[in-house]
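1. got a sequence here, can you model it:
(chains A and B)
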There are 2 protein chains.
Amino acid sequence: MKSKAVTLAARPVGMPKKSDFAIIETDVGEPGDGEIQVQNLCMSVDPYMRGRMVDRKSYVPPFQIGEVLTGGCIGRVLKSNHPDFAEGDHVSSHHGWREAYTSGVEGIEKLGALVTDPSAYLGAIGMPGMTAYVGLLEVGALKDGETVFVSGAAGAVGSIVGQIAKLKGCRVLGSAGDQEKVDLLTGELGFDYAFNYKDGNILNHLREGAPDGLDVYFDNVGGDHLQAAITHMRPFGRIPLCGAISVYNDFEPAPGPNNLTMAIGLGLTLRGFIVSHFNHLAGDFRRDMEQWVTSGQIKYKETIYEGIDNAPDAFIGLFTGANVGKMVVNF
Amino acid sequence: MKSKAVTLAARPVGMPKKSDFAIIETDVGEPGDGEIQVQNLCMSVDPYMRGRMVDRKSYVPPFQIGEVLTGGCIGRVLKSNHPDFAEGDHVSSHHGWREAYTSGVEGIEKLGALVTDPSAYLGAIGMPGMTAYVGLLEVGALKDGETVFVSGAAGAVGSIVGQIAKLKGCRVLGSAGDQEKVDLLTGELGFDYAFNYKDGNILNHLREGAPDGLDVYFDNVGGDHLQAAITHMRPFGRIPLCGAISVYNDFEPAPGPNNLTMAIGLGLTLRGFIVSHFNHLAGDFRRDMEQWVTSGQIKYKETIYEGIDNAPDAFIGLFTGANVGKMVVNF
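-> This is a model prediction of the structure:
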């Protein structure tokens, strides 16, 4: 059995480009004892992967040149030599960026019954959704009725952050990079106020959308957004630091917010996190989010690229604003 | 009765200078009903006052040009027309920058029996000591045996932070601005490692003094110190943001740390605070600190200027490194 796969051809310098990736064909072996063979249905494309393309110490080890990339994916078991897995089972793994694979079962999660499309388990009911859930409720310690601002609000994480906050009775502001996304936020997704961050001063938008200030700023982008939000926080506000997509492709480290000293008098908390710090909440998350999705209280948005040949374009698109909601490649 | 007092003659631009202050003579009236007349014994000079000299919204309102400055002081009651205060009582108030005053008793705290010099109630047993106590134990959530770094370590707050951490069995690093202070830290104050931040790269010093990284960085200075500490934090490290003396006199807002995104993967918490956020712990603090001071477990250091005429020099000295421990003006 053959499978196409994506390798890292070169470490991106600045914005990633197509030639940083290569598509190869690999052999997928027959499963040995304790192994399973899986056909992937869809793979996840996530901003954090940009960090893994740099050769440096980080919370996940760097990708190596010439090796097949890895990332989240949902697949279906074709053949199983493991007692816990049967043909047809849906599984979640980090063997993405390839169409199929044979491997041992370590790190492979059997999903059980799916309540909706498999790709949702890469997004709202997957890692980005859980990032939103733990970031807002645990790290951000959200209280019902507070005022919340989320940047990258039309993205996989941000769109869920805003909807959870609405479920909790909050006033919700979001920023995005084009008018179509802004319309989605204040329309279908129910945000109270949204703006295009390329259009006017961020702080002025925050003042208009939240005259009394912000209790929580969920930071997906860093840079100017973070600085503006700090200026507009209410006393004892919380800032979960989730991502900094605005600086991921920078050549030089970008200066941090020039108003961090405001955190002193206001008693602000800035707290970084990644979803795996909260793995103990995975059960709670899946139960809550499946219920919210099936009841229609949370809508999930996807931007789908078809075929593994388009995976590099999908990845590059994360940094040019090509996605609304979760960026997924279907096979 | 006459009293000298210090007024703000001009708002400092950059580093404060003597001509920004004026010494005047005022009349101290006889106490009316419910009022007391107090002779100040000593006054506190603190970095946070620099912020009050700027005309902007902050956690304390700005000083006004031509008005007598206010600040922490310890005095003794000369005359009392209030049933709760008697002649000879020691009182703590914010009527500093003057030798004597008559006022109502709102905001005036009767100290009861003192276990040591009155000036210690402006330092180790006063606001700076309590800032160290709540910042390290509450905001920093210090655990016994962790590794702690404090900047401005020879100052009023830093010198207490380091000694409390030693009491809790921690490895303690400190930075200061000259060799005499460094010697004090590793000598009398019992720090494990200290360095002159003007001498070599801060990050290299941290790597030498704490090869396994930092659990808590108590930030009194901001700027380069904060950036270096972020790089050297261990996972789930805490950074109480207490002060940023390195940037208080800047003409333009200084850029923040360019490595704040490291907080994401490491799960770091940066949390600003001021001591009044923790007023409910004042009783615990005074009990613990008086016991630590009288037992000799915590030593307090003071730099004393004599006479109110020297108060402006004492204040300016805060920004030139003139003080070891608490800067106090005695009358």
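2. checking A:I264 next. Helix, strand or coil?
-> For A:I264, the reduced secondary structure class is helix; criterion used: DSSP: H, G, I helix; E, B strand; the rest coil.
3. what parts of the stretch 201-331 of chain A come near chain B?
-> Taking CB under 8 Å from any CB of the partner chain as the criterion, the neighbours of chain B within the stretch 201-331 of chain A are A:222, A:226-227, A:236, A:241-244, A:247, A:253-274, A:277. Where you see a C-beta, it was placed from the backbone N, CA and C, and this is true even at glycine.
4. A:H94: neighbouring residues, count only.
-> Residues near A:H94, counting by other CB atoms under 10 Å in any protein chain shown, number 14.
5. got a list of what the closest residue to A:D33 other than its chain neighbours touches?
-> Distance criterion CB to CB, 6 or more residues apart in numbering or on different chains; nearest residue to A:D33, sequence neighbours excluded, is A:N81 at 5.6 Å. With contacts taken as CB atoms under 8 Å, 6 or more residues apart in numbering or on different chains, A:N81 has the following neighbours: A:P31, A:G32, A:D33, A:G34, A:E35, A:I36.
6. quick check: the gap between the third one and A:D84.
-> If I follow you right, that is A:D33. Computed as CB to CB, to the nearest Å, the A:D33 to A:D84 distance reads 14 Å.
7. give the residues shared as contacts by those two.
-> In the contact map built from CB under 8 Å, 6+ apart, no residue is linked to both A:D33 and A:D84.
8. between those two, which is the more surrounded one?
-> Of the pair A:D33 and A:D84, A:D84 is the one with more neighbours under other CB under 10 Å, namely 11 against 7.
9. quick one: secondary structure of that one?
-> Taken by three-state DSSP, the conformation at A:D84 corresponds to coil.
10. do the same with A:P312
-> Taking three-state DSSP, the label given to A:P312 is helix.
11. where are the low-confidence patches of the stretch 51-200 of chain A?
-> A:58-59 (pLDDT under 70).
12. strands of that one, residue ranges please.
-> Ranges of strands in the stretch 51-200 of chain A, per DSSP state E, counting those that start in this stretch, are A:73-80, A:90-93, A:100-104, A:109-110, A:147-150, A:171-176, A:193-196.
13. out of those strands, which gets nearest to A:M15?
-> Between A:M15 and those, the tightest spacing by CB to CB is seen for strand A:171-176, at 19.5 Å.
14. partners of the closest one, with directions?
-> Each strand that pairs with strand A:171-176, with its direction, by DSSP bridges: strand A:147-150 (parallel), strand A:193-196 (parallel).
15. which residue does the stretch 101-250 of chain A have closest to chain B?
-> Scanning the stretch 101-250 of chain A for proximity to chain B using CB to the nearest CB identifies A:A244 as nearest, at 4.4 Å.
16. tell me how far the residue lying closest to that residue once chain neighbours are set aside lies from A:F278.
-> Nearest residue to A:A244 in three dimensions, chain neighbours excluded: A:G222, at 3.1 Å (CB to CB, 6+ apart). With distances defined as CB to CB, the gap from A:G222 to A:F278 amounts to 21 Å.
17. in terms of packing, which of those two has more residues around it?
-> Under the neighbour definition other CB under 10 Å, A:G222 and A:F278 were set side by side, and A:G222 has more, 24 against 20.
18. my read: the more buried one touches A:P253, true?
-> No: between A:G222 and A:P253 no contact is recorded; they are 11.2 Å apart, counting by CB atoms under 8 Å.
19. what is the lengthiest helix in chain A packed up against?
-> Of all the segments of type helix in chain A, defined by DSSP state H, the longest one is helix A:282-294. Judged by 3 or more CB pairs under 8 Å, 6 or more residues apart in numbering or on different chains; DSSP states H and E, the packing partners of helix A:282-294 are helix A:127-134, helix A:158-167.
20. surely A:G140 is in contact with A:G237?
-> No: between A:G140 and A:G237 there is no contact, the gap being 9.4 Å when judged by CB under 8 Å.
21. joint contacts of these two?
-> Residues touching both A:G140 and A:G237 by CB under 8 Å, 6+ apart: A:V216.
22. neighbour count: the two, which is higher?
-> The neighbour comparison of A:G140 against A:G237 (other CB under 10 Å) goes to A:G140, with 27 against 24.
23. picking up where we left off before, would TSV of the helices and strands packed on helix A:282-294 with distance to B:V216 and mean neighbour count be doable?
-> Compiled in TSV, the helices and strands packed on helix A:282-294 are given as follows (distance: least, CB to CB, whole Å; neighbours: other CB atoms under 10 Å in any protein chain shown):
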stretch	distance to B:V216	mean neighbour count
helix A:127-134	23	27
helix A:158-167	29	26
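24. as JSON lines, those with distance to chain B would be great.
-> Rendered in JSON lines, the data for these read as follows (distance: least, CB to the nearest CB, whole Å):
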{"stretch": "helix A:127-134", "distance to chain B": "11"}
{"stretch": "helix A:158-167", "distance to chain B": "15"}
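25. report the contact partners of the closest residue to A:G317 other than its chain neighbours.
-> Among residues not flanking A:G317 along the chain, A:N323 sits closest, at 6.0 Å (CB to CB, 6+ apart). Applying CB under 8 Å, 6+ apart to A:N323 gives the contacts A:G155, A:A156, A:T303, A:A314, A:G317.
26. since that was my last question, I'll sign off now.
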